[in-house]
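Enquirer: Turn this into a model:
(one chain, ligands or ions: 1)
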Amino acid sequence: MPPLVEVVDLRKQFVLSGNRWGEKLTVDAVSGVSLTIFQGETLGLVGETGCGKSTLARCILRLVEPTGGRVLFEGKDILSLSLRDFHPYRRRMQMVFQDPFASLNPRKTVFAILEEPLIIHGERNLRIRREKVEAIAERVGLDVRLLRNYPHEFSGGQRQRIGIARALILEPEFVVCDEPVSALDVSIRAQILNLLCDLQESLRLSYLFIAHDLSVVRYISHRVAVMYLGKIVEIAPCEELFANPLHPYTRALLAALPVPDPSRPWKRMLLEGDPPSPLRPPSGCRFHTRCPERMDICAVYPPGAFFLNPEHVVFCHLYGGWEMV
Ligand code: SF4
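Expert: Below is the predicted model of the structure:
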């Protein structure tokens, strides 16, 4: 089965203002990322804050224009389309944002917020818009009697339900969930995650699920991609990644997870130092400045891909990957 979304060698470089000598400074936020997302699948994307996860997601949706690479949706390169030709694809690819309060217009009622995408995409019939708004509100567990209220009159969990309803009202096939539960109370998180799982099953949705909380990613993902400083370093099926992490960075992330069993020893693996500045990423393997297993070659050559099996790929010299990236 061909993937619904295929990202090929995607790059995004931001040009900052010049330094005192007039030189332009650039940040490689996304550096040659390739991944696939299949219909009905959730691909979890994890990594430290600032590693480029959200920029990657925005590039895939063309909310930010990438510097290079391709994004194929059902085999069609959507980056090569004019904005006018891309418009029909926009409704098929939506986003749920991290902060539900900041992403909702406080001056509009929930009804107005939910009908706005329909108006933008040409639905002129008020009765149809009202039916669709009420149907999606019910689908995500919102009381339709409260649709004339304003966002500040709802709790955090209800606001995220509004955000999910707004993303789904155009009946998309692909949804980027950018840390959708990290701003919520722990007690509400499970409700929203279960809602996302139910919606995926009933609507055959595909998710790119961004999070830095690995336990959340483990709960919802079929496969997981680990990102470090603008690059993917490992991709594997979810349970395989947690059972057999290969990349030293993945192992460090997993080692930071607390073990909920006092009889089992919990050995933390601390990484040295802070993540390097993306203004001056390290040569060779970008993780070599913090890697406890670095070798001489690591600072010189970027590691290639090593396929443990067709679904588990890691970029690390420990495994002698051959395909240069
Ligand atoms: Fe560590 Fe070298 Fe592997 Fe990079 S390539 S993760 S520095 S062992």
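Enquirer: From here on, just use CA atoms for contacts and neighbour counts.
Expert: Noted.
Enquirer: So what's the residue count around Cys59?
Expert: Burial of Cys59 is recorded as 21 neighbouring residues (other Cα atoms under 10 Å).
Enquirer: Please name every helix or strand in contact with the strand or helix carrying it.
Expert: If you go by DSSP states H and E, Cys59 is part of helix 53-60. Contact here means 3 or more Cα pairs under 8 Å, 6 or more residues apart in numbering; DSSP states H and E; on that basis helix 53-60 packs against strand 5-16, strand 25-37, strand 174-178, strand 206-210.
Enquirer: ok and the residue in the stretch 1-150 of the chain nearest the ligand?
Expert: The shortest separation between the stretch 1-150 of the chain and the ligand is 14.2 Å, found at Gly47 (distances taken as Cα to the nearest ligand atom).
Enquirer: Skipping its backbone neighbours, what lies nearest that residue in space?
Expert: The shortest distance from Gly47 to any non-neighbouring residue, by Cα to Cα, 6 or more residues apart in numbering, is to Met227 (5.0 Å).
Enquirer: Check Pro276 too.
Expert: What sits nearest to Pro276 in space, not counting adjacent residues and going by Cα to Cα, 6+ apart, is Pro282, at 7.3 Å.
Enquirer: and Arg127, what element?
Expert: helix 126-139.
Enquirer: now that helix: how far from the chain's centre is it?
Expert: Once both centres are worked out by Cα atoms, centre = their mean, to the nearest Å, helix 126-139 turns out to sit 28 Å from its chain's centre.
Enquirer: now swap in stretch 222-235 and tell me
Expert: Per Cα atoms, centre = their mean, the displacement of stretch 222-235 from the mean C-alpha position of its chain is 10 Å.
Enquirer: again, but for stretch 70-79
Expert: Taking mean C-alpha positions (Cα atoms, centre = their mean), stretch 70-79 and its chain are 18 Å apart.
Enquirer: ok so, going back, mind listing what the residue of the stretch 1-150 of the chain closest to the ligand touches?
Expert: Listed by Cα atoms under 8 Å, 6 or more residues apart in numbering, the contact set of Gly47 reads Lys53, Ala211, His212, Val226, Met227, Tyr228.
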